[in-house]
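Trainee: Based on what follows, work out the 3D shape:
(one chain, ligands or ions: 3)
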Amino acid sequence: MALIVQKFGGTSVGTVERIEQVAEKVKKFREAGDDIVVVVSAMSGETNRLIGLAKQIMDQPIPRELDVMVSTGEQVTIALLSMALIKRGVPAVSYTGNQVRILTDSSHTKARILSIDDANIRADLKAGRVVVVAGFQGVDEHGNITTLGRGGSDTTGVALAAALKADECQIYTDVDGVYTTDPRVVPQARRLDKITFEEMLEMASLGSKVLQIRSVEFAGKYNVPLRVLHSFQEGPGTLITLDEEESMEQPIISGIAFNRDEAKLTIRGVPDTPGVAFKILGPISAANVEVDMIVQNVAHDNTTDFTFTVHRNDYQAALEILKQTATSIGAREATGDTNIAKVSIVGVGMRSHAGVASRMFEALAKETINIQMISTSEIKVSVVIEEKYLELAVRALHTAFELDAPARQGE
Ligand code: ADP
Ligand code: ASP
Ligand code: MG
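Mentor: Numbers count the residues shown, from 1 in each chain. Ligands and ions are numbered 1, 2, ... in the order given. Model prediction:
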């Protein structure tokens, strides 16, 4: 008998009918003899709706109160799913994060899980009940409700699986696995049978929102067998695994990630003296703004141009700071651009292949897409381009790295 944690995302519990369907599915697993812990998200759109309400009161809602409110979305779905199970003769019980005691730190809206008390859940499983846990939420040491950041139910699922030493954590969603890139953008995208934790972590950090980044970190750290599957279609899904299988067919690139969440800031004509990077980025980081990519060009007149990217939410604040810095250090100007997007190719196969970056640049050049910034690591290459070329770029790279689904390759 296995212990399985099953997480169902927002669209999978988006209506009462779907919740009934989820209950049917869980019932089948239960009847096959497995112990089941279910984690659910709020109904799709609900978290956004709640945040919208708060923003009608204030532009920057008070984080503690926001958490009190957005955590209600998951409280509704755990109760509905438990009822749907009990109606079917499957003993079930719902738990909020607080009731389980998913202890987190106190960083409201982006809390980290510190520990999980598994006593209640284990007792219920032993008594033959399906346990239905609210995703995305926890409680801090003072009893305040916290949430884990958008998409955080994935992390609840994986953290519970780790705490319970579950045999598998299954993430059920509206796609039948992890694809080479977002199948909603590139119809030729292919489902991957397997992807390594390392690659999945890069994909998630670089914009593939199919799994929350922290859930992948957790799964890698505690070696939780993790699988992404479609909620209502049969299929093997995608296994996130530790081993980097050496197969003849191992592709150089496993996937392409992209995001439109960043903005670019540039300061020009900065006197080129030691410590200049610190003078520019120090005030930015002091304002708690995270910087992603950085490029510095030295001009022949002993000045330098410095460009970096930040999250779009931080753009206005960062630009204000940069303008002040420009005045105080005697730079020529500070400007910004929000019409950018970042496209990244990811794959452990890159380690053993040369020329991957140039192949990427060639594919973009063929589409006359200008590259504004570049950054690389051992298993990824990212470029910043103009936002309007994003989809074209992703499609071109998908073809250039031979990722297109076979049916589309000229059958
Ligand atoms: P849930 O509500 O179930 O948590 P999400 O919307 O968070 O679902 O994640 C599923 C979505 O992730 C898919 O609908 C898909 O558009 C998107 N996605 C982005 N990149 C990928 C990828 N590489 N593979 C699969 N899905 C992806
Ligand atoms: N309901 C939360 C969100 O929309 C958490 C989740 O769905 O994973 O972000
Ligand atoms: Mg999600």
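Trainee: quick one: least confident helix or strand in this protein?
Mentor: The least trusted helix or strand in the chain, going by mean pLDDT, DSSP states H and E, turns out to be strand 291-298, with a mean of 90.
Trainee: tell me what that strand is packed against?
Mentor: With contacts defined as 3 or more CB pairs under 8 Å, 6 or more residues apart in numbering; DSSP states H and E, the secondary structure elements packing on strand 291-298 are helix 276-286, strand 303-311, strand 373-377. Quick note: C-beta positions are derived from backbone N, CA and C, even for glycine.
Trainee: Format the ones you listed as CSV; extra columns: distance to residue 215, mean neighbour count and mean pLDDT.
Mentor: Putting these into CSV (distance: least, CB to CB, whole Å; neighbours: other CB atoms under 10 Å; pLDDT from 0 to 100) gives the following:
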stretch, distance to residue 215, mean neighbour count, mean pLDDT
helix 276-286, 27, 16, 94
strand 303-311, 20, 21, 94
strand 373-377, 21, 15, 94
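Trainee: how about these, which one is nearest residue 212?
Mentor: The closest of the helices and strands packed on strand 291-298 to residue 212 is strand 303-311. By CB to CB, the value is 16.0 Å.
Trainee: Let me know which of the helices and strands packed on strand 291-298 is the nearest to residue 10.
Mentor: strand 303-311 (22.5 Å).
Trainee: Look up how far ligand 1 lies from the residue sitting furthest away from the middle of the chain.
Mentor: Relative to the centre of the chain, the most outlying C-alpha is that of residue 301, 43.1 Å out, by CA atoms, centre = their mean. Here residue 301 is placed at a distance of 44 Å from ligand 1 (CB to the nearest ligand atom, to the nearest Å).
Trainee: And for residue 29?
Mentor: 18 Å.
Trainee: Please report how far that residue lies from residue 2.
Mentor: Using CB to CB, to the nearest Å, residue 29 is found at 9 Å from residue 2.
Trainee: try residue 152
Mentor: Taking CB to CB, one finds residue 152 at 25 Å from residue 2.
Trainee: of the two, who's got more company?
Mentor: The residue with more neighbours, out of residue 152 and residue 2, is residue 152; 27 against 12, by other CB atoms under 10 Å.
Trainee: where does that one land on pLDDT?
Mentor: Per-residue pLDDT puts residue 152 at 98.
Trainee: Is it correct that it is in contact with residue 138?
Mentor: No - if you go by CB atoms under 8 Å, residue 152 and residue 138 don't touch, sitting 9.1 Å apart.
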